[in-house]
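A.B. asks: The sequence isn't on hand, but the structure is:
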């Protein structure tokens, strides 16, 4: 069965017709209907992030919803990842839940670091936007090229980072790093956050490549929602890593 996991589809170059093709191939999948365009991706991404922003205002006003929204967003993320046919409703629901989570998380950080990092949230937002713009420029100008070697290195780095992140989560239950796991262990925590920011930024390049290849392969218009979902996952990850990194630099975490 064809996988619809955004990470796996980036790595394998799977076509939207369910057959495996080489990355960069222009072989057209067999289906009828409107084809995916860049305008479709931009519009759907804009809609998703507008809803995410509304959710963020709700989360900021009601931080008590943060953890409920986190688990709801996590469940919706997995539902979207493993669902064979993209569902706009599920993608939008993910955006709303993740927005509430980010709003609540941002409020918690803003409150905790009000004295040492009063502009923490705005700095994280600005950093996310700058990283997005920078990686888009590097990709469009071909300074960064997504080839086989790039993807292999990226996937090895991602797997390594995920293993460390899981180990950090487990260690946090035993009080390591003051409950922050490895991220609260001084210089190690800072290095992990920097690595997270770097990986999230390079993941944006993979998102851009997936969009480019999907358009070139003639993917159906509805796949714009999957592209928007992939970008949302990456940008949410990047933003949370930046929040944590700025908090560490404040000297209190």
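C.D. replies: Noted; the coordinates are in hand. All figures in this text were calculated on a predicted structure; none of them were measured in a lab.
A.B. asks: Just the buried residues of stretch 73-85, please?
C.D. replies: Buried residues in stretch 73-85, counting neighbours by 16 or more other CB atoms under 10 Å, are found at 73, 76-77, 80-81. For every residue, glycine as well, the C-beta is placed using N, CA and C.
A.B. asks: which residue ranges form the helices in this structure?
C.D. replies: Listed in chain order, the helices found in the chain under DSSP state H are 6-12, 38-61, 66-82, 88-112, 120-140, 148-172, 187-216, 224-249.
A.B. asks: Not counting sequence-adjacent ones, nearest residue to residue 144?
C.D. replies: With CB to CB, 6 or more residues apart in numbering as the criterion, residue 144 has its nearest non-adjacent residue at 4.5 Å, and that residue is residue 138.
A.B. asks: quick one, what contacts the nearest residue to residue 127 once chain neighbours are set aside?
C.D. replies: Spatially, and ignoring its direct neighbours in sequence, residue 127 is nearest to residue 242 (4.6 Å; CB to CB, 6+ apart). By CB atoms under 8 Å, 6 or more residues apart in numbering, the contact list for residue 242 reads 123-124, 127-128, 131, 197.
A.B. asks: Likewise for residue 117?
C.D. replies: Residues near residue 117 by CB under 8 Å, 6+ apart: 123, 246-247, 249-250.
A.B. asks: Could you report the pLDDT at it?
C.D. replies: With respect to pLDDT, residue 117 scores 80.
A.B. asks: what are the phi and psi values for it?
C.D. replies: The phi/psi pair for residue 117 (degrees, to the nearest 10) reads phi -140, psi 70.
A.B. asks: separation between it and residue 110?
C.D. replies: 9 Å (CB to CB, to the nearest Å).
A.B. asks: Tabulate the buried residues of stretch 73-85 in a markdown table, adding columns for pLDDT.
C.D. replies: A markdown table is the format used below for those (pLDDT from 0 to 100):
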| residue | pLDDT |
| --- | --- |
| 73 | 95 |
| 76 | 96 |
| 77 | 95 |
| 80 | 94 |
| 81 | 92 |
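A.B. asks: Provide a list of residue ranges in the stretch 1-150 of the chain with pLDDT below threshold.
C.D. replies: Applying pLDDT under 70 to the stretch 1-150 of the chain picks out residues 1-32.
A.B. asks: Kindly recompute the last result at 50.
C.D. replies: Counting by pLDDT under 50, the ranges of the stretch 1-150 of the chain that qualify are 1-5, 7-8, 10-15, 17-28.
A.B. asks: quick one on the thing from earlier: relative to residue 151, which of the buried residues of stretch 73-85 is nearest.
C.D. replies: Nearest to residue 151 among the buried residues of stretch 73-85: residue 81, at 18.6 Å, using CB to CB.
A.B. asks: measure the closest one to residue 200 for me?
C.D. replies: From residue 81 to residue 200 the distance is 17 Å (CB to CB).
A.B. asks: cool, residue 94 as well?
C.D. replies: For residue 94, the distance to residue 200 equals 18 Å [CB to CB].
A.B. asks: Could you check which of these two is surrounded by more residues?
C.D. replies: Taking neighbours as other CB atoms under 10 Å, residue 94 and residue 200 compare with residue 94 leading, 29 against 23.
A.B. asks: how about the nearest residue to the more buried one, chain neighbours excluded?
C.D. replies: Counting by CB to CB, 6+ apart, residue 76 is the residue found nearest to residue 94 once chain neighbours are left out, at 4.1 Å.
A.B. asks: So how do I select the buried members of the contacts of residue 117 in ChimeraX?
C.D. replies: Buried residues within the contacts of residue 117, by 16+ other CB under 10 Å, are selected in ChimeraX with:
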select :123,246,247,250
